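*Asks:* model this:
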Amino acid sequence: MTNRYKSNELILYIEALFVAAGMDLDKSAIVAPLLVEADLMGHTTHGIAQAPAYLSGLENGLMKGTGDPLVVADKGATITWDGRRISGVWLTAKAIDLAVKRAKKYGTATIAIRRSGHIACLAAFLPRATERGCMIELASSDPSIASVAPYGGTEPAFTPNPIAVGIPTSGNPILIDISASITTNGLTGRLFSEGKKLPGDWVQDKFGQPSNDPTVLFTDPPGTILPIGGKEYGHKGFGLALMIEALTQGLSGLGRADPPEGWGAAVYLKVTDPDAFGGAEEFIRQTSWLAESCRRNPPADGVESVRLPGDNAFANRAEALENGLELYPGLLNGLKEFSDKFNISEPKPI
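*Replies:* Predicted coordinates:
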């Protein structure tokens, strides 16, 4: 028996669980494929791994599976939503679709969302815009949670604050998915539960001493994740975190200056139609040249070849679709209690 599964069967399984837990069918039909898409791309901490927390959220009210966002403001090219704790994956997907439509009219469209549910893997959303010829910027934070210290500090002030950018080219798009911190809550939590160490000194203890041991994050008081650049150059990640907090929380009008409301997200996205600027053809000519120039760059010793952000994701996806998606060990265990509760059978490995 292998640990590989057909992706379409995983989607149907997770979709059925969400519907059984009270999510609208149309929402689950968007959320489930995007979670599986994250695993197809190789982002194993922010795809199917999030489903148990989402199902729990539907049960305890921290996440809603029904309804629509409240429109706070709509100026045509700029929109603000109150997500009302609805599934952040669904909200973000719908916001991108709307932003693409508006960008085709106005050139650019920006949407800020407050009170969104958690939005999972940012990279999985990017093709919704790039496949329609648009460039997209997407960022997220959670004003109710803090695990990353500001540069030079020792107490948590931010979330890891991911930011992603999708750039169309003549081939596969460039899919940038990074965060303002060296690592994520998902990875440190997984390694902590498995009793493993981080690859480097990506965290610090409560006294500010760098460490590769995720257990320092689970002390009282806790240590913190370090910003990009670590102890030496962390001002870079610190600056990026501040920008993301302003875009996601400042523009949406709800953030850390307000009382915490529970696990969720503040979201910022901007879609740009190159045709409204120097022209779509010229945009693709430039981005394609840049991409190929990087790939042709002579590799350093020990490096097989230069790859662009997204290259591995597309390779992983193609291999998984052909041979079955190999799941991270134990990934489906977190869904067993829900399978039993709702009498929904798990998919069988290939």
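*Asks:* C-alpha only now, for contacts and for neighbours.
*Replies:* Will do.
*Asks:* got the residue ranges for the strands in the chain?
*Replies:* 4-5, 70-74, 78-82, 108-116, 135-141, 162-167, 174-179, 203-204, 210-211, 224-225, 265-272, 325-326 (DSSP state E).
*Asks:* contact partners of the third one?
*Replies:* In other words, strand 78-82. The set of residues external to strand 78-82 that reach it, using Cα atoms under 8 Å, 6 or more residues apart in numbering, is 69-74, 109-116, 252.
*Asks:* do the same with the first one
*Replies:* Residues outside strand 4-5 that contact it (Cα under 8 Å, 6+ apart): 323-327, 347-350.
*Asks:* measure residue 253 to residue 246 for me?
*Replies:* Residue 253 is 10 Å from residue 246, where distance means Cα to Cα, to the nearest Å.
*Asks:* comparing these two, which residue is more hemmed in?
*Replies:* Neighbour count, other Cα atoms under 10 Å: between residue 253 and residue 246, residue 253 has more, with 20 against 16.
*Asks:* wait, the more buried one touches residue 143, no?
*Replies:* No: in this structure residue 253 lies outside contact range of residue 143 using Cα atoms under 8 Å: 11.3 Å.
*Asks:* any stretches of the chain with poor pLDDT?
*Replies:* Within the chain, the ranges that satisfy pLDDT under 70 run 1.
*Asks:* could you redo the last one with a cut-off of 90?
*Replies:* For the chain, the stretches flagged by pLDDT under 90 are 1-2, 262-263.
*Asks:* most remote residue from the middle of it, which is it?
*Replies:* The centre of the chain is farthest from one residue, residue 301, which by Cα atoms, centre = their mean lies 32.0 Å away.
*Asks:* can you map out the helices along the stretch 51-200 of the chain?
*Replies:* Remark: helices assigned in the stretch 51-200 of the chain by DSSP state H, counting those that start in this stretch are 51-60, 88-106, 127-130, 185-194.
*Asks:* which stretch among those helices comes nearest residue 318?
*Replies:* helix 127-130 (15.0 Å; Cα to Cα).
*Asks:* what helices or strands is the closest one leaning on?
*Replies:* With contacts taken as 3 or more Cα pairs under 8 Å, 6 or more residues apart in numbering; DSSP states H and E, helix 127-130 sits against helix 88-106, strand 135-141, strand 162-167.
*Asks:* go through the ones you listed and pick out the most buried.
*Replies:* strand 135-141 (a mean of 27; mean count of other Cα atoms under 10 Å).
*Asks:* residues contacting that one, please?
*Replies:* For strand 135-141, using Cα under 8 Å, 6+ apart, the contacting residues are 119, 122, 126, 129-130, 158-168, 244-245, 247-249, 265-274.
*Asks:* try it again with 7 Å
*Replies:* Residues from elsewhere that reach strand 135-141 (Cα atoms under 7 Å, 6 or more residues apart in numbering): 126, 129, 159, 161-168, 244-245, 248, 265-273.
*Asks:* tell me the strands beside it, with direction?
*Replies:* According to DSSP bridges, strand 135-141 has the following sheet partners: strand 162-167 (antiparallel), strand 265-272 (antiparallel).
*Asks:* turn the helices and strands packed on helix 127-130 into CSV, including distance to residue 6.
*Replies:* Converted to CSV, the helices and strands packed on helix 127-130 look like this (distance: least, Cα to Cα, whole Å):
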stretch, distance to residue 6
helix 88-106, 22
strand 135-141, 29
strand 162-167, 27
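*Asks:* can you tell which of those is closest to residue 235?
*Replies:* Residue 235 lies closest to strand 162-167 among those, at 16.4 Å (Cα to Cα).
*Asks:* starting at the chain centroid, how far to the closest one?
*Replies:* Relative to the centre of its chain, strand 162-167 is centred 9 Å away, using Cα atoms, centre = their mean, to the nearest Å.
*Asks:* picking that back up, how about the strands paired with strand 135-141, which one is nearest residue 226?
*Replies:* Across the strands paired with strand 135-141, closest to residue 226 is strand 162-167 (Cα to Cα), at 13.8 Å.
*Asks:* for that closest one, list the C-alpha coordinates in CSV.
*Replies:* Extracted in CSV, the C-alpha atoms of strand 162-167 (Å, rounded to 0.1, in the frame of the first residue of the first chain):
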residue,chain,number,x,y,z
PRO,A,162,2.8,35.7,4.1
ILE,A,163,2.9,37.6,0.9
ALA,A,164,2.5,36.2,-2.6
VAL,A,165,2.9,37.5,-6.1
GLY,A,166,1.8,35.9,-9.4
ILE,A,167,3.4,37.1,-12.6
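*Asks:* and it with strand 174-179, angle?
*Replies:* Strand 162-167 runs at 170 degrees relative to strand 174-179, counting by axes from the mean of the first three to the mean of the last three Cα atoms, to 10 degrees.
*Asks:* which residues does strand 162-167 contact?
*Replies:* Taking Cα under 7 Å, 6+ apart as the rule, strand 162-167 contacts 122-123, 126, 130, 135-140, 173-180.
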